[in-house]
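K.L.:
Would you be able to build a 3D model of this:
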Amino acid sequence: MIEIAIDGTAASGKGTLGKKLSNKYNFPYLDTGILYRKIASYIIKENINNTSDLEKQCCDFAQNLILEELKNENLRTEIVAKLAAKIATFPDLRKILNNKQKEFNKINKKKYGGCILDGRDIGTIILPNADFKFFITASLEVRAKRRLLEKNISFLHENDEKCMLLNLINNMRERDKLDSIRKISPLVPAKDAYIIDTSLINAQELFFKVSNIIEGKK
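P.N.:
Residues are numbered from 1 along each chain as shown. Predicted coordinates for the structure are as follows:
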């Protein structure tokens, strides 16, 4: 049975990699970041993001999350991402979701012979003994351009596009800083992880590179 752990910076290509590996090896794939975004979206929708018991509200909702039933929703807005980063520092919430991730891995690894998890702490806490660990990153500018392309905005004026790109770069820089220095689950690669910079390679090249590592090819 094979465990594949993927971690890394935002918009570095780790999500696309996880999906491609899932399709190739027929292993279930879980983007663990979506769990925090799902909870953040719920908090925003219910307008309870400024309550004094925010952590309890998050934990109560998380207890009832069924990972297999998570639907594809628009959970990548800036406001959702910002709140998700905030609640991700709640110790009790992380404990609940970490246990759900471990259970997801246990069930699907037994059923399918393998599992792929992508997100924070995967190679250090969730799957510390994973067969393969990958930490994917890229330069700030490259990642910001990828995020801009994801927005699929074709009618922007050139100056507006530059302004939006600069805003994305600044937001990512701040997020990277906060993720790296926070006390709970900072953004750091596992000691035995393959660190891959995708600044100069595309999604398909990354997929081939990782596949070759998994299959023992040079």
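
K.L.:
Please make it C-alpha for all contacts and neighbour counts, starting now.
P.N.:
Will do.

K.L.:
which residues touch the strand or helix carrying residue 20?
P.N.:
Here residue 20 sits within helix 14-25, counting by DSSP states H and E. Helix 14-25 has contacts (CA atoms under 8 Å, 6 or more residues apart in numbering) with 6-8, 27-29, 31, 116-118, 136, 203, 206-207, 211.

K.L.:
Which one (most neighbours) among those?
P.N.:
Across the contacts of helix 14-25, neighbour numbers were computed from other CA atoms under 10 Å; residue 117 holds the maximum, 30 neighbours.

K.L.:
what's the spacing between it and residue 95?
P.N.:
Distance of residue 117 to residue 95, given as CA to CA, to the nearest Å: 16 Å.

K.L.:
just the strands in the chain please.
P.N.:
2-8, 29-31, 114-118, 132-137, 194-197 (DSSP state E).

K.L.:
and the shortest one, what does it pack onto?
P.N.:
Counting by 3 or more CA pairs under 8 Å, 6 or more residues apart in numbering; DSSP states H and E, the packing neighbours recorded for strand 29-31 are helix 14-25, strand 114-118.

K.L.:
Give me the sheet partners of it and which way each runs.
P.N.:
Within its sheet, and counting by DSSP bridges, strand 29-31 is paired with strand 114-118 (parallel).

K.L.:
residues in contact with the helix ranked longest in the chain?
P.N.:
Longest helix in the chain by number of residues (criterion: DSSP state H): helix 158-181. Contacts of helix 158-181 with the rest of the structure, by CA under 8 Å, 6+ apart, involve 9-10, 140-141, 144-145, 147-148, 186-188.

K.L.:
Let me have these in CSV, adding distance to residue 18, neighbour count and pLDDT as columns.
P.N.:
Putting those into CSV (distance: CA to CA, whole Å; neighbours: other CA atoms under 10 Å; pLDDT from 0 to 100) gives the following:
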residue, distance to residue 18, neighbour count, pLDDT
9, 14, 22, 92
10, 14, 19, 87
140, 21, 21, 94
141, 22, 17, 93
144, 20, 25, 92
145, 20, 16, 90
147, 17, 18, 86
148, 21, 15, 84
186, 21, 16, 83
187, 18, 20, 85
188, 19, 17, 89
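
K.L.:
Among the residues you listed, which are located in helices?
P.N.:
Those of those lying in helices (DSSP H): 140-141, 144-145, 147-148.

K.L.:
pull the helix or strand with minimum mean pLDDT from this protein.
P.N.:
Here the helix or strand of the chain ranked lowest by mean pLDDT, DSSP states H and E is helix 158-181, holding a mean of 83.

K.L.:
Give me the distance between the longest helix of the chain and the centre of its chain.
P.N.:
For helix 158-181, the separation from the chain centroid amounts to 17 Å (computed by CA atoms, centre = their mean, to the nearest Å).

K.L.:
So for that helix, what gets flagged as buried?
P.N.:
Judged by neighbour count (16 or more other CA atoms under 10 Å), helix 158-181 contains these buried residues: 164-165, 168-169, 171-172, 175-176, 179.
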